[in-house]
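Asks: from the sequence below, what's the structure:
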Amino acid sequence: MPTDNESAVRRFYEALATGDTSLVDDALAPDWEAVPALRTGPGADGWKKSIEHLRGVFSGLTVTIDDVVESGEMVAVRSTGRGVHTGELLGVEGTGREVEFRAADFHQVVDGRIVRTWHLEDYFGIATRIGLEFTRGA
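Replies: Predicted structure coming up:
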């Protein structure tokens, strides 16, 4: 049976996986902070905009929680997202390619709501999968 902290974190990912942004208000504290800051803006509204953006970039987006580790008010999650690149991302128009991306997040949960999230994502893997090429500098 998931703890209250784990349940809040699972709602965070369910919102991304389903597009149901009403779950965000249940999962996040009003002053939730993302580290690094979201390009879509701060707080719950910023996360809702990120969800809409990502679901527009990756059609058929799914999110699988691979592992959850909880210690006190900290909940760590390793997840995998999958979708088809159909919208503009990193300056690249939709390619129709299937993309898989992995992430690791550390959520601080207080009173059953996430107050801060540290996010690490495999942006290099996404970039190469959608066709960006990297060259070595001189």
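Asks: what helix or strand is residue 29 located in?
Replies: Assigned by DSSP states H and E, residue 29 belongs to strand 28-35.
Asks: and that strand, which strands flank it?
Replies: strand 113-121 (parallel) (DSSP bridges).
Asks: tell me which helix or strand comes right after the strand it pairs with.
Replies: That would be, after strand 113-121 and using DSSP H and E, helix 123-129.
Asks: just to revisit the earlier point, can you show me the CA trace of the strand holding residue 29 as PDB?
Replies: Taking C-alpha atoms only, strand 28-35 is exported to PDB below (Å, rounded to 0.1, in the frame of the first residue of the first chain):
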ATOM      1  CA  LEU A  28       1.700  19.900  -5.600                       C
ATOM      2  CA  ALA A  29       1.800  22.400  -2.800                       C
ATOM      3  CA  PRO A  30       0.800  26.000  -3.800                       C
ATOM      4  CA  ASP A  31       4.400  27.100  -3.700                       C
ATOM      5  CA  TRP A  32       6.000  24.000  -5.400                       C
ATOM      6  CA  GLU A  33       9.400  24.600  -6.800                       C
ATOM      7  CA  ALA A  34      11.000  22.800  -9.700                       C
ATOM      8  CA  VAL A  35      14.800  22.500  -9.800                       C
END
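Asks: how about residues contacting the helix or strand following that strand?
Replies: Elements were assigned by DSSP H and E; along the chain past strand 28-35, the next helix or strand is helix 43-57. Applying C-beta atoms under 8 Å, 6 or more residues apart in numbering, the external contacts of helix 43-57 come out as 12, 15-16, 19, 21, 24-25, 28, 30-34, 38-41, 61, 81, 83, 85-89, 94. No exception for glycine: its C-beta is placed from N, CA and C like everyone else's.
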